[in-house]
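S.K.: Compute the structure for the input listed below.
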Amino acid sequence: MPADTSAVRAEEQLDLAALSSYLEAKGFSRGRNISIEQFPGGHSNLTYLLKLEGGDEFVLRRPPLGPVAPKAHDMVREYRILCAVHPVFPPAPEPALLCEDLSVLGAPFYVMERRRGLVVRRENPPEIGDDVGLRRRIGEALVDTLVQLHTVDVSRAPVSAIGKPAGFLERQLAGWFGRWQRSRTRDLAAMDRLMEWLSAGLPTSSDAALLHNDYKLDNVMLNPADPARVVAVLDWEMSALGDPLVDLGILLCYWPQAGDPPQRVESISPVTAMPGWLSRAEVVERYAAKTGRDVSRITYYEIFAIFKVAVVLQQIYHRYYLGQTSDSRFAAMEERVLGLVEVATEMMT
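M.R.: Numbers count the residues shown, from 1 in each chain. Next up is the predicted model:
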């Protein structure tokens, strides 16, 4: 299996001396030297591999550098969510240490266990290859893992403290609309129409589940020897209690299929558009069969998810637009935003 880390990007270095001193004071490193590598995937929070002398490895998560959107990239909340979720949903990694002392790295961060596995992003990995049967089983495993998450009892502490299900969708709309307004770099009439449509068609649901709230193929880690087995679900910062179809809509949003317009396939990932993967309809059918939930309005949730991805990409582009990051990957984000808004508006009924 190829290495999943690389050298730390020059502009995203950590203060190794300060970090080492802090971890030693907490009894974490116990006199062992620490080296740092970076997980290069993703465009949001920064994720590092801590390699302790003797072979132990841990993962460190911190917010991106520079100004960030209000309430975004909340590492303290993500740590506490993992503390609540890991005991009842083992695919969530076990948290190990939280640091709220800004003098160490300039922002809150946490350390968690290191899980090893395969993360599928924009390329079809050799572990999957051309095995169309395997692709189908991986899709089924992703749906089944989501079903498992949605069976967690949200009435019992500490999971019950993660959020308030009542009014969840209304708060989501207000929050994401505000994020768009704060990060917009041009007037976009299509986005205004999309927000009006989302407001007018808001579903009412009393169903409440534990949500990952960013559930997608590249937030799931697969067993390299048996990729149809999920070994971890990553990135819990947006987890909440609310309408479970929000998670299903997100999974569909990130699930391009054959025949989709190029702006959807290229803005997300072309992997699931390859032969063998479940279609979006099959994803919905499997989830509905296993949960018994009414999925008749799932298109709304899928459009909402596409809207949210467009806003996230716009936030990233906004940081680049203002000169707050020099990462060249961010220069093309605006085109991806425009493409996704076009996809979402064409889906509206």
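
S.K.: what's near enough to touch the nearest residue to N33 once chain neighbours are set aside?
M.R.: Excluding the flanking residues, the one nearest N33 by Cβ to Cβ, 6 or more residues apart in numbering is E53, at 4.4 Å. Every C-beta, even on glycine, is put in place using the N, C-alpha and C of the backbone. Applying Cβ atoms under 8 Å, 6 or more residues apart in numbering to E53 gives the contacts 32-34.

S.K.: From R336, how far off is E53?
M.R.: Using Cβ to Cβ, to the nearest Å, E53 is found at 42 Å from R336.

S.K.: can you give me the strands in the protein?
M.R.: Here the chain has its strands, by DSSP state E, at 34-38, 46-52, 57-62, 95-99, 109-113, 209-211, 220-223, 226-233, 240-242.

S.K.: By mean pLDDT, which helix or strand of this structure comes out lowest?
M.R.: With mean pLDDT, DSSP states H and E as the measure, the helix or strand of the chain carrying the lowest mean pLDDT is helix 262-267 (a mean of 85).

S.K.: quick one: buried residues of that helix?
M.R.: Buried residues in helix 262-267, counted by 16 or more other Cβ atoms under 10 Å: 263-265, 267.

S.K.: Dump these into CSV; add distance to V104 as well.
M.R.: Output for the buried residues of helix 262-267, formatted as CSV (distance: Cβ to Cβ, whole Å):
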residue, distance to V104
Q263, 42
R264, 41
V265, 42
S267, 36
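
S.K.: tell me which of the residues you listed is nearest to E237?
M.R.: The closest of these to E237 turns out to be S267 (Cβ to Cβ; 21.7 Å).

S.K.: Next, count neighbours for the spatially closest residue to the closest one that is not a sequence neighbour.
M.R.: Spatial nearest neighbour of S267, excluding adjacent residues (Cβ to Cβ, 6+ apart): R336 at 4.4 Å. R336 has 19 neighbours, counted by other Cβ atoms under 10 Å.

S.K.: same thing with the one 3 residues further on?
M.R.: Counted with other Cβ under 10 Å, the neighbours of G339 add up to 20.

S.K.: And it, what's its pLDDT?
M.R.: pLDDT, G339: 92.

S.K.: Who does the nearest residue to I36 once chain neighbours are set aside form a beta bridge with?
M.R.: Sequence neighbours aside, Y48 is the residue nearest to I36 in space, at 5.4 Å (criterion: Cβ to Cβ, 6+ apart). Beta-bridge partners recorded for Y48 (DSSP bridges): Q38, L60.

S.K.: For Y48, give me its contacts.
M.R.: 8, 14, 36-39, 59-62.

S.K.: Any buried residues in stretch 113-121, and which?
M.R.: Buried, per 16+ other Cβ under 10 Å, within stretch 113-121: 115, 117-120.

S.K.: wait, I meant stretch 98-118
M.R.: Buried residues in stretch 98-118 (16+ other Cβ under 10 Å): 98-99, 104-105, 107-112, 115, 117-118.

S.K.: Quick check: the farthest pair among these?
M.R.: Using Cβ to Cβ, the buried residues of stretch 98-118 span at most 32.1 Å, a distance reached by V104 and L118.
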